[in-house]
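Asker: this one's sequence-less:
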C-alpha cells in the first residue's frame, strides 16, 4: 500500500495541474489530428501507432479501445517494476487513441460531405466479360 501511495504522490509533487492540463489536452488533440490526417492521406504514422492499427484491425477492435487496453497493460508493467508515471504520461496514453479515432472520424465525414453518394452513369461504352 505504501508503494502505491508513493507513486500517487509523485504525480502531484510541485506541479500545478490547473495550468498544465489544458496545454496537455491541446497537445493530445494536435497529435490526434496529425495522426488522423496522416492515416487519411496514407502517408503512414509512427511505429507504435502503426502497430496498434495493425493489431486493432486483426482483433476487430477500434484503435481507441485497443490502444487504451494496451496502455493500461503497459502501466501495470511500469508500476510493477517500480518506475514512476506522471499525470502527463497517463493523460497522453489514455486519451491519444480515442483522440485519433474521434478526429479521424470527423475528417472522414468532412471529406465525404462533397461526394455524390450515387454512382455516376458510365461515359462511353461499357464492356462486360
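Answerer: The structure has been received and is ready for your questions. In this text, all values refer to a predicted model and were calculated from it rather than measured experimentally.

Asker: next, count neighbours for residue 92.
Answerer: 17 (other C-beta atoms under 10 Å). In this view, the C-beta of every residue, glycine as well, is placed from N, C-alpha and C.

Asker: what sits closest to it if chain neighbours are left out?
Answerer: Leaving aside its sequence neighbours, residue 92 sits nearest to residue 28 (C-beta to C-beta, 6 or more residues apart in numbering; 6.0 Å).

Asker: test my guess that the one you found contacts residue 100.
Answerer: No: the pair residue 28 / residue 100 is not scored as a contact, 9.5 Å apart, by C-beta atoms under 8 Å.

Asker: find the nearest non-adjacent residue to the spatially most central residue of the chain, please.
Answerer: When C-alpha atoms, centre = their mean is applied to the chain, the residue found nearest the centroid is residue 97 (2.0 Å). With C-beta to C-beta, 6+ apart as the criterion, residue 97 has its nearest non-adjacent residue at 3.0 Å, and that residue is residue 67.

Asker: what residues are up against the residue nearest to residue 92?
Answerer: If a contact means C-beta atoms under 8 Å, 6 or more residues apart in numbering, then residue 28 has 91, 92, 95, 96, 99 as its contacts.

Asker: for the residues you listed, which one is nearest residue 105?
Answerer: Closest approach to residue 105 among the contacts of residue 28 (C-beta to C-beta): residue 99, at 10.9 Å.

Asker: touching, the closest one and residue 34? I think so.
Answerer: No: using C-beta under 8 Å, residue 99 is not in contact with residue 34; the gap is 10.3 Å.
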